[in-house]
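[1] Got a sequence here, can you model it:
(one chain, ligands or ions: 1)
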Amino acid sequence: MSKHTPMMEQYLKIKADHKDAFLFFRLGDFYEMFFEDAISAARELEITLTKRDPGQKEPIPMCGIPYHAAENYIKILVDKGYKVAICEQVEDPKTAKGVVKREVVQLITPGTVMESNMLHEGENNYIASLSYFKDGSHVVVYNDLSTGENRIALISHGWDAVIHELYNQPIKEIVISSNLPEDMQEQLRERLNVTLSYQDEVKFNAEYRDLCGNLNDERLMKAFSRLLNYVQHTQKRSLDHLQQAEVIELNNYLSLDMYSKRNLELTETIIKKGKHGSLLWVLDKTVTAMGSRMLKKWLERPLLNKQIIEERLEVVEGFYHGFMERDTLREELKSVYDLERLSGRIAFGNVNGRDLIQLKQSLEKIPQVKSILSQFEQKKIKKIAQELIFPEHLIELLEMSLVEDPPLSIKEGSIIKDGYNEQLDKYRHASRNGKKWIAELEQKEKQETKIKSLKIGYNRVFGYYIEITKANLHLLPEGKYERKQTLTNAERYITPELKEKEQLILEAEEKSIDLEYKLFTEIREQIKEYIPEIQHLADVVSKIDVLQAFATVSEANNYKRPKFVDNNLAIKSGRHPVIEQVMKDGSFVPNDVSLDDNKNILLITGPNMSGKSTYMRQLALTVIMGQIGCFVPCDRADLIIFDQIFTRIGAADDLTSGQSTFMVEMLEANHAIANATDKSLILLDEIGRGTSTYDGMALAQAIVEYIHNNIHAKTLFSTHYHELTALEESLSNLKNIHVRAEEYEGNVVFLHQIKDGAADESYGIHVARLAELPEALIERASTILQQLESEDKPATRTEKIEAGQLSFFVEEEKPAKKEKGTISNEKVINELKNMNLFEMTPMEAMNELYKLQKNARK
Ligand SMILES: Nc1ncnc2c1ncn2[C@@H]1O[C@H](COP(=O)(O)OP(=O)(O)OP(=O)(O)O)[C@@H](O)[C@H]1O
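    Numbering: from 1, shown residues only. The predicted structure is shown next:
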């Protein structure tokens with residue numbers, strides 16, 4: 001015998017199929033949760049935990065929420081990464097025999113929400129699927145259910161590349177096979193902060209054929225099926241708006257690894273994780289939510305194809321010069337609603353009348369947008385105007401059928417226009433006539449009874465009634481009306497005629513509401529046919545919006561159209577697009593950059609805080625802006641099309657990865673070295689500072705040499721190791737530059753100007769003074785510095801290099817700059833004796849050993 005009631009049995013059975021979701025179990029006007037779900041939901045939603053059958057030996061924990069307020073609670077849970085299974089009563093309780101039948105009608109998960117209050121306007125909400133194949137390749141599918149977008153990428157360079165690809169995308173949930181090794185699952189959870197879902201079935205369903213378009217790789221089809229199977233399993237309804245899968249050819253885009261996406265703060269800042277302060281924040285002058293989403297996608301995938309970049313720049317230039325027309329264009333675009341998400345809701349079946357009016361108003365704007373575009377001189381802009389094809393019949397349909405200001409609900413009538421449907425007109429006529437008859441009756445009765453305050457009212461319980469105040473009751477002839485209700489100050493009456501009319505009016509109203517609902521759903525079905533056209537239109541409008549935004553931001557900040565050249569990168573008076581905005585007062589100091597094949601490594605020295613990292617970042621951001629087709633912050637730019645950007649910049653240490661600062665530094669450097677080509681841009685900021693001086697300097701030098709000799713990538717390398725500036729003599733393609741600072745009355749003045757040659761001083765102590773460290777401490781540091789400088793002992797860094805210590809990493813030994821005394825064998829033995837091996841890193845030990853051996857051989 002089961003210890004549970006039949007309803008509880010039903011609950012447990014359904015819950016068993018939805019173990020990873022909160023089961024919202026419909027009981028009358030509430031969604032109830034039981035057992036563990038109730039305990040967790042009470043905690044997460046801050047609602048009261050109660051007990052079912054409290055008298056029993058083992059009462060069941062329970063909590064509930066009113067069904068009409070469910071959306072807010074679902075949002076809280078989904079935002080926290082949980083899933084919610086909505087279990088409804090699927091038969092009428094009045095006619096049900098035994099326990100009412102219940103079923104899960106929808107599974108709401110972080111990646112599949114459709115409700116607009118759970119989505120961010122300018123951001124996609126992706127659910128992704130990840131599949132791996134025996135040949136070592138992986139396939140990632142991105143789907144945004146709210147817009148219908150489907151995109152697929154094949155990644156053939158192993159697992160790391162998958163993480164780099166997925167990083168920083170607005171993914172809320174990833175569908176994987178339950179066989180994916182646990183450590184990989186862990187990385188997805190930790191690094192990407194997403195909900196993981198499992199779908200092992202990847203069978204290709206014939207229904208998906210249209211969505212697959214021209215996918216011809218079995219791996220892509222399988223991965224896509226994983227996603228579609230899951231989405232269908234969770235949504236259990238029409239997904240007609242899903243668009244044909246588009247393959248992302250990763251080789252067509254500038255590749256930005258995870259570190260660069262983060263370090264360059266393209267779409268969000270490192271610390272606050274917000275848009276404010278990112279490059280997106282500066283560039284986002286779009287006026288539609290669709291445009292804003294497209295801009296973000298462009299920023300994440302800058303182009304490699306010069307022709308497409310030039311086409312975008314061409315349009316931006318056209319918009320740039322036609323500023324009056326651009327202003328008008330922006331105004332018109334502002335009234336175009338989110339066509340992508342509207343079409344998603346149409347297919348999904350959750351649009352209301354207001355959404356459809358927004359659709360109509362947006363479509364009505366298109367002819368104006370078209371006509372403004374055709375006023376621009378630029379041919380490419382005129383061409384875009386022709387791409388704005390919009391379904392005129394749809395406007396007619398919406399115009400004919402819907403009132404201008406429909407209510408939010410689609411079940412209470414007042415949506416459909418008079419004249420659209422004959423039957424509806426008849427019902428409305430009957431109801432209006434009935435109401436007119438009642439108004440006339442009121443006048444007639446007033447005259448007959450001479451009671452001026454007599455009125456006819458209506459309430460849901462008694463229907464229509466005649467109301468007479470107690471003070472006037474004496475004027476009413478006995479038995480004229482039938483008494484229905486007594487109030488403190490009045491009596492309410494009815495008459496058979498009034499009830500007869502009431503019957504007619506109510507019947508007509510009820511029928512017209514039902515009919516309106518039916519007509520509305522029919523209109524919605526008809527609109528579904530237009531979804532591909534609306535989506536195409538949305539795409540073109542988004543593109544126009546992004547390109548006008550580029551022109552707007554370029555004009556406002558005096559950016560210049562870049563020229564793309566093959567070899568010699570030259571930027572005149574370049575600026576950092578974000579910092580110059582933050583500084584606002586125009587005090588940002590512009591700097592030139594020159595990188596050619598003969599001098600493709602710039603070694604940057606200069607005091608702390610002088611602007612080394614800023615200079616490096618500004619180059620990367622300029623390159624990215626150019627390759628997305630935007631003008632760039634400078635007076636003139638000859639840019640090269642880079643295939644990849646690698647960065648190791650700033651203090652953006654990856655605390656979540658559980659790695660030490662130095663390890664992260666090495667990982668990032670290694671990633672660059674392993675993947676960069678001579679078409680890549682590498683930015684390395686103070687490599688080696690995370691370890692002991694010698695280790696750090698040795699590694700820094702070895703890395704520069706490696707890039708110089710083997711990779712030939714354009715590289716910016718900043719360092720505090722002044723000793724490295726000597727490399728200019730041995731590495732022919734390396735050039736020293738420095739950021740200028742001057743000392744004035746004992747203080748350092750940062751000029752933020754880049755000059756040729758190496759910096760002569762480090763000014764570290766001056767910066768410490770700026771940071772207001774105690775004066776006594778600063779003085780002590782100055783004394784120690786003087787001592788160190790005057791001692792000139794073998795341990796000074798310059799000497800280490802000159803003694804050849806670092807040539808362990810160098811194939812060809814550098815000529816020593818100055819003669820320094822050699823170390824005698826006795827000294828070697830003494831040094832060996834004094835060496836404290838337990839306090840040395842392996843690298844330090846190796847360096848020492850090498851040095852000793854070298855000296856012993858002399
Ligand atoms: N070109 C410039 N014009 C005006 N201000 C600048 C410029 N470059 C940098 N700065 C200012 O100087 C500050 C420090 O810059 P940055 O972090 O690039 O210095 P750094 O040399 O890399 O310092 P550290 O060596 O300590 O990392 C920036 O936050 C910015 O406010």
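
[2] Name all residues that make contact with the most centrally placed residue in the chain.
    Centroid-nearest residue in the chain: Pro170, 3.6 Å away (criterion: C-alpha atoms, centre = their mean). By C-beta atoms under 8 Å, 6 or more residues apart in numbering, Pro170 lies in contact with 123-126, 296. Placement of C-beta: from N, CA and C, glycine included.

[3] and of those, the nearest to Lys97?
    Taking C-beta to C-beta as the measure, Asn125 is the one of these closest to Lys97, at 42.2 Å.

[4] What is the burial count for that closest one?
    23 (other C-beta atoms under 10 Å).

[5] Touching, it and Lys172? I think so.
    Yes. Applying C-beta atoms under 8 Å, one finds Asn125 in contact with Lys172, separated by 6.0 Å.

[6] Give me the common contacts of the two.
    Gly111.

[7] how about the residue of the stretch 151-300 of the chain found nearest the ligand, secondary structure?
    Using C-beta to the nearest ligand atom, the point where the stretch 151-300 of the chain gets nearest to the ligand is Gly277, with a distance of 11.7 Å. Three-state assignment for Gly277 (DSSP: H, G, I helix; E, B strand; the rest coil): coil.

[8] Then the one 3 residues further on?
    When classified by three-state DSSP, Leu280 comes out as helix.

[9] now it, nearest residue through space, not along the chain?
    Nearest residue to Leu280 in three dimensions, chain neighbours excluded: Thr267, at 4.5 Å (C-beta to C-beta, 6 or more residues apart in numbering).

[10] what separates stretch 87-100 from the chain centre, distance-wise?
    Stretch 87-100 has its average C-alpha position 42 Å from the chain's average C-alpha position, going by C-alpha atoms, centre = their mean, to the nearest Å.

[11] what pLDDT does the residue nearest to the centre of the chain get?
    pLDDT recorded at Pro170 is 87.

[12] and it, how far is that from Ser146?
    As for Pro170, its distance to Ser146 is 11 Å (criterion: C-beta to C-beta, to the nearest Å).

[13] ok, now Leu506?
    Using C-beta to C-beta, Leu506 is found at 40 Å from Ser146.

[14] For Glu580, give its distance to Lys275.
    Taking C-beta to C-beta, one finds Glu580 at 18 Å from Lys275.

[15] actually Gly611, not the one I typed
    24 Å.

[16] So between the two, which is more surrounded?
    Just comparing Gly611 and Lys275: by other C-beta under 10 Å the higher neighbour count belongs to Gly611, 25 against 18.

[17] Okay, helices next: where are they in the stretch 101-250 of the chain?
    Using DSSP state H, counting those that start in this stretch, the helices of the stretch 101-250 of the chain run over 159-166, 182-192, 209-212, 218-235.

[18] Quick check: which element contains Ser594?
    Element membership for Ser594 (DSSP states H and E) is strand 591-595.

[19] So for stretch 579-599, what gets flagged as buried?
    Neighbour-count burial for stretch 579-599, counted by 16 or more other C-beta atoms under 10 Å, picks out 580-581, 588-591, 593-596, 599.

[20] Reformat these as CSV; add distance to the ligand and pLDDT.
    Formatted as CSV, the buried residues of stretch 579-599 follow (distance: C-beta to the nearest ligand atom, whole Å; pLDDT from 0 to 100):
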residue, distance to the ligand, pLDDT
Glu580, 8, 93
Gln581, 12, 93
Phe588, 4, 91
Val589, 4, 93
Pro590, 7, 95
Asn591, 6, 95
Val593, 12, 96
Ser594, 16, 95
Leu595, 18, 95
Asp596, 22, 89
Lys599, 21, 93
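
[21] Could you name the helices and strands sitting against the helix or strand containing Phe520?
    Element membership for Phe520 (DSSP H and E) is helix 496-528. Secondary-structure packing of helix 496-528 (3 or more C-beta pairs under 8 Å, 6 or more residues apart in numbering; DSSP states H and E): helix 339-348, helix 353-375, helix 392-401, helix 422-449, strand 463-469.

[22] quick one: the next helix or strand after the strand holding Ser594 to strand 591-595, angle?
    Proceeding N to C from strand 591-595, the next assigned helix or strand is strand 601-605, under DSSP H and E. Orientation of strand 601-605 against strand 591-595 (axes from the mean of the first three to the mean of the last three C-alpha atoms, to 10 degrees) gives an angle of 140 degrees.

[23] Partner strands of strand 601-605 and their direction?
    Paired with strand 601-605 in the same sheet, following DSSP bridges, are strand 714-718 (parallel), strand 734-744 (parallel).

[24] With Lys236 as the reference, measure out to the residue in the chain positioned nearest to the ligand.
    Relative to the ligand, the nearest point of the chain is Gly611 (2.8 Å; C-beta to the nearest ligand atom). Distance check for Gly611 against Lys236: by C-beta to C-beta, it reads 57 Å.

[25] sorry, back to before: can you tell me which helices and strands the strand holding Ser594 packs against?
    Helices and strands touching strand 591-595, as assessed by 3+ C-beta pairs under 8 Å, 6+ apart, comprise strand 569-574, helix 612-628, strand 747-756.

[26] Give the buried residues for the last one.
    By 16+ other C-beta under 10 Å, the buried positions in strand 747-756 come out as 748, 750, 752-754.

[27] Can you sort out which of these also neighbour the ligand?
    Of the residues in those, proximity to the ligand by C-beta under 6 Å from any ligand atom holds for His752.

[28] Looking at pLDDT only, which of the buried residues of strand 747-756 scores worst?
    When the buried residues of strand 747-756 are compared by pLDDT, Val748 scores lowest at 68.

[29] can you pull out the strands in the stretch 51-200 of the chain?
    Using DSSP state E, counting those that start in this stretch, the strands found in the stretch 51-200 of the chain span residues 60-66, 84-89, 102-108, 126-132, 138-144, 149-155, 171-176, 195-198.

[30] Measure how the fifth one sits relative to helix 159-166, angle-wise.
    Inter-element angle recorded for strand 138-144 and helix 159-166: 20 degrees (by the same axes, to 10 degrees).

[31] go on, the fourth one?
    With the same axes, to 10 degrees as the criterion, the two stretches strand 126-132 and helix 159-166 enclose an angle of 170 degrees.

[32] Relative to strand 126-132, what are the paired strands and their orientations?
    Strand 126-132 has these strand partners (DSSP bridges): strand 138-144 (antiparallel), strand 171-176 (parallel).

[33] That'll do, ta.
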